[in-house]
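1. Any chance you can model this:
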Amino acid sequence: MDINFNKNEDHNKLLLSELKKRLYTVSRGGGEKSIEKHHAKGKMTARERIDYLLDSKSKSIEIGAFAGEGMYENYGGCPSAGVVVKIGYIQGKQCIVVANDATVKAGAWFPITAKKNLRAQEIAIENRLPIIYLVDSAGVFLPMQDEIFPDKEHFGRIFRNNAVMSSMGITQISAVMGSCVAGGAYLPIMSDEALIVDKTGSIFLAGSYLVKAAIGESIDNETLGGASTHCEISGVTDYKAKDDNDALDKIKKIVDKIGDYDKAGFNRVKSLKPKDSPEDIFGIIPKSRADQYDMKEIIKRLVDNSEFEEYKEGYGKTIITAYARIDGWAVGIVANQRQLVKTKKGEMQFGGVIYNDSADKATRFVANCNQKKIPLVFLQDVTGFMVGSKSEHSGIIKDGAKMVNAVSNSVVPKFTIVIGNSYGAGNYAMCGKAYDPNLIVAWPSAELAVMSGNSAAKVLLQIETASLKKKGETITKEKEEELYNRIKSRYDNQVSPYYAAARIWTDAIIDPLDTRTWISMGIEAANHAPIEKPFNMGVLQV
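-> Residues are numbered from 1 along each chain as shown. The predicted model follows:
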């Protein structure tokens, strides 16, 4: 191994260490004192409930662990958006589980909480996955009600999705394990089956205080909407559980009896581990974003037996298109090549940039994978499309549009891994969040933005200095440097993968060594949903 490999490895393992520390912090929800209070009520935490529900020693992946990070500091923060979402296995069946974290503001819904819940439902709908709700929430966070209540993608969309999933035959099971108030009371009752935990679970449109204020009736919460009330008088819930464990055991028994599903039929054979060590990834990804590396070396460490067959290997070399297998699943890989490459005409092309020929190649490959019903994996390290007169005269906009069109209309499952840069229109063409990837995750080395922090700071500096000069201010070299550093610092924070993950622009930041698991479980989920429409690119300027 050379010295650069060792430097890269040290840098990337430090990034991974930082990721693990941050994951541990958010996993503690509202903090140790809140957890102790929760346990004192005889309740398990959201993560403890999910861990008990999922099959032991089975794989699982968590969606949106960093949702809300750094977004609500004025209100004391909202770790993991106050709700935990995992895809895993219950009695051998793949399911998605959504659990309110009552250690975070009593499980109240912030705007990002609604967005995360909607993302969980989107995954369930897209993949026809059974969804389990573990309800323990005080309802909408009132100080921010205007950002969560009335709009299309706000709180009410949850119940609309409940109804849509029911009509689609997607199993929904709810367990009320704590508070379930106001509009939130509709979620469990719009599920197929609802459980409630005795003495700790309660469901009502208005609690005892509000009832007293509204109609003058004096009643305690247990009599108003406890387990006995809803299982024996109102008939709102279907099962009464004596405690959290009992409720979760009942869910296991219900899921165990769900019938098999119609499969999409994606190709899978026996899984093989990569021949080249995945650990090498940490030494291959460069410490400096300006440095080049061979994306093929990354692919070798992600695919079965380190084998792949390139499509149009000698053409459009700044994008790699290849067929391979990941954990036995057949996949089509579209990856940005970060090396400087030479065309047959002797011209040099910058790595990480999409040229006319690479866009054309990727378009054709995406169409081929749709024709063959092969899921697509996008490995992003892209700075954007090539600019300049030569590219413009060659129709880069048209070729880029063709690639975007193919990705937009793709009907096979799509999985996006942001390895390095994800800038500008390159993010779009390589199946960014706006293009409905089934799952989109980032490595700790990722950056997502219109452009790099350095480029953006230079542009913004020119604008700001011009503005100051118009006002008659003298800009010294020191002043210019101070402005540049201030602008770059602000922009660098926004390009961080954690900034993107907090807003659910990505589903997770992951250890690169977990990439195969995410893709494999993602394809397994997608296999629950047969493809219902043909691939059609519509009207296109060929």
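2. Going by C-alpha atoms from here, please, whenever you check contacts or count neighbours.
-> Noted.
3. Which strands and helices lie in contact with the top helix by length along the chain?
-> Assignment by DSSP state H gives helix 3-27 as the longest helix of the chain. Secondary-structure packing of helix 3-27 (3 or more Cα pairs under 8 Å, 6 or more residues apart in numbering; DSSP states H and E): helix 281-284.
4. in a helix, that's where Ser467 is, yeah?
-> Yes. Assessed with DSSP: H, G, I helix; E, B strand; the rest coil, Ser467 lies in a helix.
5. what number of residues lie near it?
-> 12 (other Cα atoms under 10 Å).
6. do the same with His528
-> The burial count for His528: 20, using other Cα under 10 Å.
7. before we move on, what about the one 3 residues further on?
-> Applying other Cα under 10 Å, we find 16 other residues in the vicinity of Ile531.
8. buried sites along stretch 449-469?
-> Of all the residues in stretch 449-469, those buried under the rule 16 or more other Cα atoms under 10 Å are 449-453, 456-457, 461, 464-465.
9. Take those and write them to JSON lines, including distance to Leu19.
-> Output for these, formatted as JSON lines (distance: Cα to Cα, whole Å):
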{"residue": "Ala449", "distance to Leu19": "20"}
{"residue": "Val450", "distance to Leu19": "24"}
{"residue": "Met451", "distance to Leu19": "23"}
{"residue": "Ser452", "distance to Leu19": "21"}
{"residue": "Gly453", "distance to Leu19": "21"}
{"residue": "Ala456", "distance to Leu19": "26"}
{"residue": "Ala457", "distance to Leu19": "26"}
{"residue": "Leu461", "distance to Leu19": "32"}
{"residue": "Glu464", "distance to Leu19": "35"}
{"residue": "Thr465", "distance to Leu19": "37"}
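10. pLDDT below threshold where in the stretch 351-500 of the chain?
-> 452-453 (pLDDT under 70).
11. Where do the helices of it begin and end?
-> 356-372, 389-393, 396-409, 424-429, 453-470, 477-495, 497-502 (DSSP state H, counting those that start in this stretch).
12. just how off-centre is the helix or strand following the longest helix of the chain within its chain?
-> Later in the chain than helix 3-27, the nearest helix or strand by DSSP states H and E is helix 32-40. Chain-centre distance of helix 32-40: 29 Å, with Cα atoms, centre = their mean, to the nearest Å.
13. which helices and strands does the next helix or strand after helix 32-40 pack with?
-> Tracing the chain C-terminally past helix 32-40 and defining elements by DSSP H and E, one meets helix 46-53 next. Helix 46-53 makes packing contacts with strand 83-90, strand 93-100, helix 244-256 when contacts are defined by 3+ Cα pairs under 8 Å, 6+ apart.
14. Could you save these as JSON lines and add columns showing mean neighbour count and distance to Val303?
-> Listed next are the helices and strands packed on helix 46-53 as JSON lines, based on neighbours: other Cα atoms under 10 Å; distance: least, Cα to Cα, whole Å:
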{"stretch": "strand 83-90", "mean neighbour count": "24", "distance to Val303": "22"}
{"stretch": "strand 93-100", "mean neighbour count": "24", "distance to Val303": "23"}
{"stretch": "helix 244-256", "mean neighbour count": "17", "distance to Val303": "33"}
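15. Quick one: those as CSV, columns for mean pLDDT and distance to Pro150 too.
-> Shown next, in CSV, are those (pLDDT from 0 to 100; distance: least, Cα to Cα, whole Å):
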stretch, mean pLDDT, distance to Pro150
strand 83-90, 98, 21
strand 93-100, 98, 21
helix 244-256, 98, 32
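16. can you redo the ones you listed as a markdown table with distance to Gly424?
-> Shown next, in a markdown table, are those (distance: least, Cα to Cα, whole Å):
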| stretch | distance to Gly424 |
| --- | --- |
| strand 83-90 | 29 |
| strand 93-100 | 32 |
| helix 244-256 | 43 |
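17. so which pair among the buried residues of stretch 449-469 is furthest apart in space?
-> Greatest spatial distance among the buried residues of stretch 449-469 (Cα to Cα): Ala449 and Thr465, at 22.9 Å.
18. hmm, back to that, pick the most deeply packed of the helices of the stretch 351-500 of the chain.
-> helix 497-502 (a mean of 24; mean count of other Cα atoms under 10 Å).
19. circling back: Ile170 is nearest to which of the helices of the stretch 351-500 of the chain?
-> Taking Cα to Cα, helix 396-409 is the member of those nearest to Ile170, at 24.4 Å.
20. and the angle for that closest one with helix 356-372?
-> Using axes from the mean of the first three to the mean of the last three Cα atoms, to 10 degrees, the inter-axis angle of helix 396-409 relative to helix 356-372 is 20 degrees.
21. helices or strands up against helix 396-409?
-> Checking 3+ Cα pairs under 8 Å, 6+ apart, helix 396-409 ends up next to helix 356-372, helix 424-429.
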